[in-house]
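Undergrad: Here's a sequence, model it:
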Amino acid sequence: MKITATPTRVGVRLPVTGVAATAENIASVARWAHDLKFTSLWGSEHIVTPLAVAPRYPGTDSGEWPFAPGTDWLAALPALLWAGAAAPGCELGTCVVVSPLYQPVLLAKHAATTNFLCGERLILGVGAGWMREEFQALDAEFTHRGPRMTEAITLMRALWSGEPVNFEGDFYQVRDVQMRPAPRSGSIPVFCGGRSRAAIRRVARMADGWIPDCRSIAELRLGIAALNEECERGDRDPASIRIVFKPGAAFRVTPRDLAELDTLGVDDLVIDPPLRSEDLEGCLPEMERVAELLDRRS
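TA: Next comes the predicted model:
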């Protein structure tokens, strides 16, 4: 089992959705997170949303899409860059960008620019996506999206090296190009989402971290067991994979939860304080409550 050397860190989801998604609110949450010593800030996105969603939404128990037509959604990378200016000590992560919706050279450039401007703090969390209508609106192929994401990660890492790139894949071909400026570390950490067996296999094979769509610690425990199995098959040390638990707004963390996450080897918990009101009612008190739990733990 993966055991972390340090207790589970805690980050905060930014208000990038709905009536709370304003420049002022993003900056406020980022400043509060920085002052309260949270370690990371996270943003999700949908590029467009259909007026009606046919598929079953994996993020709720009922399978119903919880966002009404007309809901505001900000793009994750610009929102993180804005937040990063207000919270210079926090990592910045996407949870997640649906990479098959993007041409990978363009996504690599946007990520590299964000990483450069924020001082090398970016984590690029990517997922294969589930909303067929969004793919159709962007004229993106819905089938084979998992293999396309896998290949895109390989291509983006080659581009982030800063060296000349010649890439010949099943889906993407790039010849005699170079992308600068390159990350000083040589790459940008890529975390993969999802908890299907195929998604977990991809994490074990190539990801720097894992952001499963688990809504409870019980679900997460099952996912970690599957990840450990895939790591053993691939002869990879599971400790090399950073696990980010993002359970959503219904999860109200307790001291017992933190202790259990430590035992499971979870590296990061992303809390989702109240962010759905225009004035962020209840957000700061919940962040202060969690910060107090962390102070007592240390």
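Undergrad: Export only the CA atoms of the helix or strand of the chain with the lowest mean pLDDT, formatted as CSV.
TA: For the chain, scoring each helix and strand by mean pLDDT, DSSP states H and E identifies helix 132-137 as the least confident one, at a mean of 93. Taking C-alpha atoms only, helix 132-137 is exported to CSV below (Å, rounded to 0.1, in the frame of the first residue of the first chain):
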residue,chain,number,x,y,z
ARG,A,132,-20.9,13.5,-25.9
GLU,A,133,-22.7,16.7,-26.7
GLU,A,134,-19.7,18.8,-25.7
PHE,A,135,-17.5,16.7,-28.1
GLN,A,136,-20.0,17.2,-30.9
ALA,A,137,-20.1,21.0,-30.4
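Undergrad: Show residues contacting that helix.
TA: Under the contact criterion Cβ atoms under 8 Å, 6 or more residues apart in numbering, helix 132-137 has outside partners 46-50, 53-55, 98, 100-101, 129, 141-142, 145. The C-beta positions use only the backbone N, C-alpha and C, and glycine is treated the same way.
Undergrad: can you do 7 Å?
TA: For helix 132-137, contacts defined as Cβ atoms under 7 Å, 6 or more residues apart in numbering pick out 46-48, 50, 53-55, 101, 129, 142.
Undergrad: how distant is that helix from the center of its chain?
TA: 21 Å (Cα atoms, centre = their mean, to the nearest Å).
Undergrad: ok now do the nearest residue to Ala27 once chain neighbours are set aside, which residues does it touch?
TA: The spatially closest residue to Ala27, leaving aside those adjacent along the chain, is Ala86, at 4.4 Å (Cβ to Cβ, 6 or more residues apart in numbering). For Ala86, the contacting residues are 27, 30-31, by Cβ under 7 Å, 6+ apart.
Undergrad: buried subset of those residues?
TA: The neighbour-count test (16 or more other Cβ atoms under 10 Å) marks 27, 30 as buried among those.
Undergrad: ok, so of the contacts of Ala86, who is nearest Ala158?
TA: Checking those against Ala158 by Cβ to Cβ gives Ala30 as the nearest, at 31.9 Å.
Undergrad: quick one: contacts for the closest one?
TA: Counting by Cβ under 7 Å, 6+ apart, Ala30 touches 41, 83, 86-87.
Undergrad: now do His110
TA: With contacts taken as Cβ under 7 Å, 6+ apart, His110 has the following neighbours: Leu77.
Undergrad: how much space between it and Pro255?
TA: Distance check for His110 against Pro255: by Cβ to Cβ, to the nearest Å, it reads 39 Å.
Undergrad: follow-up on the earlier one: show the subsequent helix or strand relative to the least confident helix or strand of the chain.
TA: Reading on from helix 132-137 to the C-terminus, the next helix or strand found by DSSP states H and E is helix 145-160.
Undergrad: How far off centre is that next one?
TA: Between the mean C-alpha point of helix 145-160 and the mean C-alpha point of its chain there is a distance of 16 Å (Cα atoms, centre = their mean).
Undergrad: i'd like the first residue to be 436 from this point on
TA: In the new count, where the first residue is 436, that last one comes out as helix 580-595.
Undergrad: got a list of contacts for it?
TA: Residues from elsewhere that reach helix 580-595, judged by Cβ under 7 Å, 6+ apart: 534-535, 539-540, 542-543, 547, 561, 563-564, 600, 602, 604-607, 609, 614, 617-618, 622-623, 625, 633, 637, 641.
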